[in-house]
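Undergrad: Dropping a prediction and its sequence here:
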Amino acid sequence: MNKPLDLLQGTLDMLILKAVSLGPLHGYGVLLRIQQISKGHLEIQQGSLYPALYRLEHQGWITSEWGESENNRKARYYCLTSAGKRRLQTEAGKWNRMADVIAGILHTTRGEV
Amino acid sequence: MTLWNRFRSWLQAILRRSRMESDMDTELRFHIETLAEDLVRGGLPREEAMRRARMEFGGIERAKEECREARGVTLLESLAQDIRFGLRMLRKSPGFTTIAVLTLALGIGANTAIFSFIDAVLLRSLPVKDPQQLVVFVWSARVNPKLQGHSDYGDCADQTGIGDCSFSIPFFKTVRAQAGAFSGMAAFAGPMDVDLSGNDAASIVRGLYISGDFFSTLGVNTFVGRPLVSNEAHFELRVAANPTALVKAVREIVSQAGDNLPLTDVRTQIEQIDQILFQERLMARLSSFFGGLALVLACIGLYGLLSYKVARRTRELGIRMARSSAICCALWSAKGFC
């Protein structure tokens, strides 16, 4: 298996929003879900996960409340707000456009120019 | 909405600081211990699992600090720190403190003086020729007289209702005939709403009833047209469209009425108002200019003083920076609070 990729600058927020949009998660759950969806191809710095969560909550895109985890412990669960949902949509749209443009550039062959 | 959210979350973080800290502790500990449990399930011994979990997480204190930053808590704390530092430095160099305070005081004082002058000269004084010589007649009575149809022009009405500045016309005429001590005397009633109508739609304006010598007594000219007591004709036209377009038509009408009637001084009301306000506007601009100048000069004085201090403290700044206090903080403390 290939070595996991480091996350591109600025994509962590979008991935967190996406992970949380699939259902409420605690911080560790966010980490697991992103790893699971990416099939282990993405390496996330755990230390930068919580500042990102706090920032997103500060901006009103996610909210948190305390609940009980699957191992019967007190854990803070995050879920997406409606503002966060809109934010995720615009971010995803921007990302897709950017990816298309870059892919288009990289696929250009000598004859096409 | 998000702005409000940010403010609320910031306020919560500030006010319930210890709550935020303990929440953060619980949350991070949950993360690391759950990760360790997963590792134990994968076959690692407990101790080793905890060690690995901590290592994978990375710097816990750094993460906490970044979380606080995300909530905007550190901003306020560093501000408080700066203020404490500033006060300490001000105490340490009383000479500098005195000069800085004096410079600011002079700047502010000069500004206050300019604006009090403007207030007294331009805003408070009546716009008449000799405001200090102007008096208003007031009567007062022991018992409340029955008054009917009198002008209750506001300012001079007594609180008890047994004094006012309304007089009957015969009384006014008698006093005016005998009052040699005054250079002029005039009467007025109002203000009241007046119906102003001509060929155009009628409109309601505020007006005063005045005696014929009102303008000459006050020594003022009218804004538009001419004062009363004049045998010249004066037209005022109210139009909805561009007023200058009518000048030609009016000229024709006037010349039809009589060849010997010269039509002079055609101006739109906006032009007239501009002309009247020219002096006030000039004064306003000048005063704001000089007010600004006084503050700028005070600032330049302070800046010079600070530059001198910074130049003298270059060595200390070097040490501060070398001791990894962030450059901006060192500069900030040097510029702001020497």
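TA: All right, it came through fine.

Undergrad: ok, the residue of chain B found nearest chain A - contacts?
TA: Using CB to the nearest CB, the single residue of chain B nearest to chain A is B:Asn5, 3.2 Å away. Quick note: C-beta positions are derived from backbone N, CA and C, even for glycine. B:Asn5 makes contacts with A:His58, A:Gln59, A:Gly60, A:Ala83, as judged by CB atoms under 8 Å, 6 or more residues apart in numbering or on different chains.

Undergrad: Among those residues, which one has the most neighbours?
TA: Highest neighbour count within those, by other CB atoms under 10 Å in any protein chain shown: A:His58, with 22 neighbours.

Undergrad: Could you measure from that one over to A:Tyr78?
TA: A:His58 sits at a distance of 12 Å from A:Tyr78 (criterion: CB to CB, to the nearest Å).

Undergrad: and what of B:Phe57?
TA: Distance of B:Phe57 to A:Tyr78, computed by CB to CB: 18 Å.

Undergrad: got it, and B:Phe215?
TA: Distance, B:Phe215 to A:Tyr78, using CB to CB: 77 Å.

Undergrad: more neighbours, those two?
TA: A:Tyr78 (23 against 18).

Undergrad: Tell me the strands beside the host helix or strand of the more buried one, with direction?
TA: For A:Tyr78, the enclosing helix or strand under DSSP states H and E is strand A:74-80. Strand pairing for strand A:74-80, using DSSP bridges, gives strand A:25-26 (antiparallel), strand A:62-68 (antiparallel).

Undergrad: For the first helix or strand past it going along the chain, list every residue counted as buried.
TA: Where DSSP H and E defines the elements, the next helix or strand beyond strand A:74-80 is helix A:82-107. Residues of helix A:82-107 classed as buried: A:Gly84, A:Arg87, A:Leu88, A:Glu91 (neighbour count, 16 or more other CB atoms under 10 Å in any protein chain shown).

Undergrad: elements contacting helix A:82-107?
TA: Packing partners of helix A:82-107 (3 or more CB pairs under 8 Å, 6 or more residues apart in numbering or on different chains; DSSP states H and E): helix A:12-21.

Undergrad: how far off helix A:82-107 does the helix it packs on point, in degrees?
TA: 120 degrees (axes from the mean of the first three to the mean of the last three CA atoms, to 10 degrees).

Undergrad: Are there helices or strands packed against helix A:12-21, and which ones?
TA: Counting contacts by 3+ CB pairs under 8 Å, 6+ apart, helix A:12-21 packs against helix A:27-37, helix A:46-58, strand A:62-68, strand A:74-80, helix A:82-107.

Undergrad: Checking B:Phe137 next. Helix, strand or coil?
TA: coil (DSSP: H, G, I helix; E, B strand; the rest coil).

Undergrad: Can you pull the phi/psi pair for the residue lying closest to it once chain neighbours are set aside?
TA: The shortest distance from B:Phe137 to any non-neighbouring residue, by CB to CB, 6 or more residues apart in numbering or on different chains, is to B:Cys165 (6.1 Å). Dihedral pair for B:Cys165: phi -120, psi 20, per degrees, to the nearest 10.

Undergrad: try B:Leu277
TA: Per degrees, to the nearest 10, the backbone of B:Leu277 is at phi -80, psi 0.

Undergrad: Burial check on B:Thr32, number of neighbours?
TA: Just so we're on the same page, residue B:32 is Ile rather than Thr. 17.

Undergrad: again, but for B:Arg312
TA: So B:Arg312, with other CB under 10 Å, has 10 neighbours.

Undergrad: still on that earlier bit, just send the helices and strands packed on helix A:12-21 back as TSV, with mean pLDDT too.
TA: Compiled in TSV, these are given as follows (pLDDT from 0 to 100):
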stretch	mean pLDDT
helix A:27-37	91
helix A:46-58	90
strand A:62-68	91
strand A:74-80	93
helix A:82-107	93
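
Undergrad: possible to save the ones you listed as TSV with distance to B:Val205?
TA: Converted to TSV, those look like this (distance: least, CB to CB, whole Å):
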stretch	distance to B:Val205
helix A:27-37	70
helix A:46-58	56
strand A:62-68	59
strand A:74-80	61
helix A:82-107	52
